[in-house]
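Novice: here is my input; please provide its structure:
(one chain, ligands or ions: 2)
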Amino acid sequence: MVKQMLLNLQNIDKNYGKEPLIVPVLKDVSLEVAQGDYIAIMGPSGSGKTTLMNIIGCLDRASEGTYLFEEEDISEMNDDALSDLRLNKIGFVFQNFNLLNSQTAQENVALPLIYAGVDKETRNHRANVALSKVGLADRTTFKPNQLSGGQKQRVAIARAIINNPKILLADEPTGALDQASGKQVMELFKTLNGEGVTIIMITHDANVASHAKKILHIIDGEIIENKQGGVA
Ligand SMILES: Nc1ncnc2c1ncn2[C@@H]1O[C@H](COP(=O)(O)OP(=O)(O)OP(=O)(O)O)[C@@H](O)[C@H]1O
Ligand SMILES: [Mg+2]
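Specialist: Residues are numbered from 1 along each chain as shown. Ligands and ions are numbered 1, 2, ... in the order given. Below you'll find the model as predicted:
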């Protein structure tokens with residue numbers, strides 16, 4: 001079976017600032033991601049990992065280069081089209097969960113469905129299904145401060161997958177978790193990837209990276225190496 005190309009980034013530069021104080025952050029980064037890939041990105045602090053993730057997630061635009069998402073040129077989409085694309089095709093998971101503290105797990109997970117215009121009954125039902133999937137069927141009415149770190153991250157993952165995204169982007173998803181909770185998150189990612197969700201994950205932890213099918217290293221804004229992950 002031919003794998004479908006999902007993302008195609010070619011010769012991406014990202015600079016911050018303005019003349020004469022331009023700071024080059026990404027330098028000639030090219031990356032092709034096929035449907036079903038599971039990629040870990042490693043590299044020192046400040047090397048440009050989050051900057052690259054923000055471009056991949058269409059939260060920021062490249063300074064130079066081309067980025068095709070399912071063969072569509074991102075540079076030709078306006079901000080509304082980009083937010084639609086993010087809402088429907090991309091799930092985000094962050095180190096610090098980014099949950100709303102005043103809302104229950106169910107409400108946090110259902111949030112993207114509000115933006116998608118889904119009615120309340122359907123939202124709640126789908127949020128409960130997603131929470132069951134991450135092993136939290138018995139925590140739907142809990143607020144973030146009543147959940148452990150690992151449980152909060154699983155709520156965040158349920159929120160990220162509620163719209164059945166093509167791709168899951170995770171920036172240090174286990175960075176704030178103990179080892180056991182981190183392992184649960186990795187098991188969840190493996191299941192999702194097995195179901196066809198493409199995953200790109202930033203991590204400082206070589207053990208975590210070894211769960212991916214491919215590991216990329218970024219140093220000083222350049223992808224320098226490309227080697228296989230350890231766990232199939
Ligand atoms: N909005 C911005 N304006 C100016 N410079 C920025 C901006 N965002 C990031 N940078 C710079 O870009 C470089 C890369 O930052 P980035 O956040 O991508 O690093 P990182 O690899 O994710 O690091 P970490 O592992 O610490 O999260 C840093 O030198 C940072 O100072
Ligand atoms: Mg970062």
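Novice: middle-most residue in the chain, spatially?
Specialist: Geometric centre of the chain, nearest residue: residue 169, 1.1 Å, by Cα atoms, centre = their mean.
Novice: using the three-state scheme, assign the residue lying closest to residue 184 once chain neighbours are set aside.
Specialist: Of all residues not flanking residue 184 in the chain, residue 150 sits nearest, at 5.8 Å (Cβ to Cβ, 6 or more residues apart in numbering). Glycine gets a C-beta too; all of them are placed from N, C-alpha and C. State at residue 150, reduced to three classes by DSSP: H, G, I helix; E, B strand; the rest coil: helix.
Novice: confirm for me that residue 150 is in contact with residue 183.
Specialist: No: assessed by Cβ atoms under 8 Å, residue 150 is found out of contact with residue 183, at 9.1 Å.
Novice: the two: who's more crowded?
Specialist: Between residue 150 and residue 183, residue 150 has the larger neighbour count (other Cβ atoms under 10 Å), namely 19 against 16.
Novice: distance of that one relative to ligand 1?
Specialist: 21 Å (Cβ to the nearest ligand atom, to the nearest Å).
Novice: could you pull up the contacting residues of that residue?
Specialist: 177, 178, 180, 181, 182, 184, 185 (Cβ atoms under 8 Å, 6 or more residues apart in numbering).
Novice: out of the residues you listed, list just those in helices.
Specialist: 180, 181, 182, 184, 185 (DSSP state H).
Novice: quick check, nearest of these to residue 162?
Specialist: Set against residue 162, the nearest of the ones in helices among the contacts of residue 150 by Cβ to Cβ is residue 185 (16.9 Å).
Novice: contacting residues for that closest one?
Specialist: Contacts of residue 185 by Cβ under 8 Å, 6+ apart are 150, 153, 154, 157, 173, 174, 177.
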